[in-house]
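**Q** fold the following.
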Amino acid sequence: MLVPSRTAAEQPPGVARPRPAHAVVAADASGMIVSWDDAAWQLYGFAAGQVVGVRNVGDLFGPPLDGVHAMRDLLGQLRELAPAPAVWAGEVECRHASGHWFTADVVVTPFHSREGAPAGLALTCRPARTADAFGAQVWSKLSHELRSPLAGIIGLTRILLLRLEAGQVDAATQVRQLELVQASAARSLATIEQVVDLARLGSGQLVPVSALVDCAGVIAEVAAKLRDSAAERGLRLRVDVPPHPVTVSSDPGMLSQLLAELAANGLRFTDGGEVRIRLRASDTAVVIEVSDDGPGIPAEEQARIFEPFERGANAAERDDSAPGLGLHLAARRAALLGAQLSLRSQAGSGSTFSVTFAGPHTPPGPALIPNPRS
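**A** Next comes the predicted model:
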């Protein structure tokens, strides 16, 4: 059972409240707030007694959490992802007690009754970082992510030159060392490209250009680009799309990048089995799922897995060299496209990321674009 936080009158006098990093708010299936912790009080300016059992989440949050039926609809979407725990993440406009609006990073997860039935949603919130604070973190992380491969390139080429001068290097050794140099250079280039995308997203330079897009065509392009990478790891990359066209109004290039990030993430953390890209459509939504047979993501990591430079325990155990920007970029692109990116995963059971476009799929027309822009 969730217990409401103390009201302002119940706080011990003269005690300075610490400033937790995340606020946690819980609402039942109707959207009524049922729990409000101290961090939520500090973030939103409302004491628990002013909101618990009194206010609906839609009073304090903007789209997609506003409106009388928003929580019910989102809970229904996450229920469809059962039995594994599901997560929705995104930036949401929030209302402070003073009346002004601010942007918060919000992660939504369902909670259950004692009988195991879905009872509502828990929202973990924190203010979106300012450009200065975020930029400082980017450059701090970037200096490490670039320094390591560049130092490797310098070291390898120096050794190779010394051995060449001494006549101590055969052709096979040269090939091995040049392959290592190439891999380090590719890693640096990939990091730079991700950081450039991050900067463009943060500055508003990336604006979706919508067109009528054939989802199966975009998926086929993504699979074709990644199939060699899958084969090198001994993995299968499987595509499952319906026989009839499924189209959405979206930016084809941005959708391709989003799906490529998700599929590449699955390939990187899967040691055996396959990565699947599945397309399904109904009268209410178009959903593209990217699933893998990897180790899964522990529940305690799912709330932060979409944060920049967050790599998780699996990456640390594997000594994975990726900077931890892929899922963050995927979430940012999904938000720009008006789609919802959600996750369901259990430790040891793989992961499934779902990109959901609300509304029925658009019937194909003359403006259909089967392939994403380069």
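**Q** stretch 89-107 spans what distance, first to last residue?
**A** Using C-alpha to C-alpha, to the nearest Å, one end of stretch 89-107 lies 4 Å from the other.
**Q** need the residues that contact that stretch.
**A** 43-46, 50, 59-65, 87-88, 108, 123-128, 302-304, 306-307, 331, 334-335, 340-343 (C-beta atoms under 8 Å, 6 or more residues apart in numbering). Using the backbone N, CA and C atoms, a C-beta is placed for each residue, glycine as well.
**Q** so Arg227 is in contact with Arg236, correct?
**A** No: Arg227 is beyond contact range of Arg236, at 9.3 Å (criterion: C-beta atoms under 8 Å).
**Q** hang on, Pro208 in a helix?
**A** No: Pro208: not assigned to a helix; according to DSSP: H, G, I helix; E, B strand; the rest coil it is coil.
**Q** list the contacts for it?
**A** When contacts are counted by C-beta under 8 Å, 6+ apart, Pro208 touches Ser250, Asp251, Met254, Leu336, Leu337.
**Q** cool, and Lys225?
**A** Neighbours of Lys225 in contact, by C-beta under 8 Å, 6+ apart: Ala260.
**Q** and Ile288, by the same measure?
**A** Contacts of Ile288 by C-beta under 8 Å, 6+ apart are Cys215, Ile219, Leu259, Ile277, Arg278, Leu279, Ser354, Val355.
**Q** quick check: the second one vs Arg276, distance?
**A** Using C-beta to C-beta, to the nearest Å, we find Ile219 at a distance of 11 Å from Arg276.
**Q** what about the two, which has more around it?
**A** Per other C-beta atoms under 10 Å, whichever of Ile219 and Arg276 has more neighbours is Ile219, with 23 against 19.
**Q** once you drop chain neighbours, what's closest to the more buried one?
**A** Excluding the flanking residues, the one nearest Ile219 by C-beta to C-beta, 6 or more residues apart in numbering is Ile277, at 5.2 Å.
**Q** tell me the SS of that neighbour?
**A** strand.
**Q** that one touches Val290, doesn't it?
**A** Yes: counting by C-beta under 8 Å, Val290 is a contact partner of Ile277 at 5.5 Å.
**Q** mutual contacts of these two, please.
**A** Leu259, Ala263.
**Q** listing partners with orientation, what would you give for the strand ranked longest in the chain?
**A** Ranked by residue count, the top strand of the chain under DSSP state E comes out as strand 101-112. Applying DSSP bridges, strand 101-112 is found paired with strand 86-95 (antiparallel), strand 118-127 (antiparallel).
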